[in-house]
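S.K.: got a predicted structure here, sequence first:
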Amino acid sequence: SGSSGSVLRGNKSRLCRIRSARAKAAEMEKKSGVRFAPWGVDSGTNEPMTSDLSVFDAGTFKRFQKPVGIELADKSTMWAQGWGTVTINPNLVYKEVLYVPVLGENLLPTFRECGKNRDLMFCMVDRTCDIIRDNQIIVTATRDDDFGLYVLYQSLPNAQVPLTANLATTRKRKAESPPT
């Protein structure tokens, strides 16, 4: 089990961070006609995780037979329901990204020693975080003060699906008790 201090840290509430990133993604969508998912680059997270099923590559999501507990920094538990592959861009692919419905955000870990994507380096300077493989920058995340993390945006293939489509489902899942 990994821990995710990102869920608990920051001066702004988690809900404000999520709204800020989603608002910026919606603004980008409006300008480009492409749907985007914001991803926070988080040194407090050990595993890549998301609460949005639409970010998984087609056909890769597998639901767990039993939910898997993820211990948070405050010793509480969130429950992963499955995992799959996420392609942020052709040079940045994460396998075994956990699906955690109550998380409410998308998080990428910076810890290379956690197993997956050990060949990546994260260079955080001022307002940017370069993600590097083989001495080449493959993507750059930008510091988002409202979100409290460096953020990069994944372009999603289904542009006609509105960003707010999953909000009612997410709220319902949050109200449900953790699976047993």
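M.R.: Nice, thanks for sending it over.

S.K.: what about the strands in this structure?
M.R.: Assigned strands in the chain, in chain order: 35-42, 49-50, 62-71, 77-89, 92-99, 107-109, 120-125, 128-133, 136-144, 149-156 (criterion: DSSP state E).

S.K.: any chance of the ones you listed in TSV, with distance to Glu27 too?
M.R.: (Each C-beta comes from the backbone N, C-alpha and C, glycine too.) Below are those laid out as TSV (distance: least, C-beta to C-beta, whole Å):
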stretch	distance to Glu27
strand 35-42	9
strand 49-50	21
strand 62-71	31
strand 77-89	19
strand 92-99	23
strand 107-109	21
strand 120-125	24
strand 128-133	20
strand 136-144	13
strand 149-156	11
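
S.K.: tabulate those strands (CSV), appending mean pLDDT.
M.R.: What follows is the strands of the chain, written out as CSV (pLDDT from 0 to 100):
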stretch, mean pLDDT
strand 35-42, 86
strand 49-50, 94
strand 62-71, 94
strand 77-89, 94
strand 92-99, 93
strand 107-109, 90
strand 120-125, 88
strand 128-133, 91
strand 136-144, 91
strand 149-156, 88
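
S.K.: closest to Phe56 out of the ones you listed?
M.R.: Ranking those by proximity to Phe56 (C-beta to C-beta) places strand 77-89 first, at 3.8 Å.

S.K.: please name the strands paired to that closest one in the sheet, noting orientation.
M.R.: Applying DSSP bridges, strand 77-89 is found paired with strand 62-71 (antiparallel), strand 92-99 (antiparallel).

S.K.: just say which of the ones you listed is most tucked in.
M.R.: Highest mean neighbour count among the strands paired with strand 77-89 (mean count of other C-beta atoms under 10 Å): strand 92-99, with a mean of 19.

S.K.: ok and that strand relative to strand 136-144, angle-wise?
M.R.: 50 degrees (axes from the mean of the first three to the mean of the last three C-alpha atoms, to 10 degrees).
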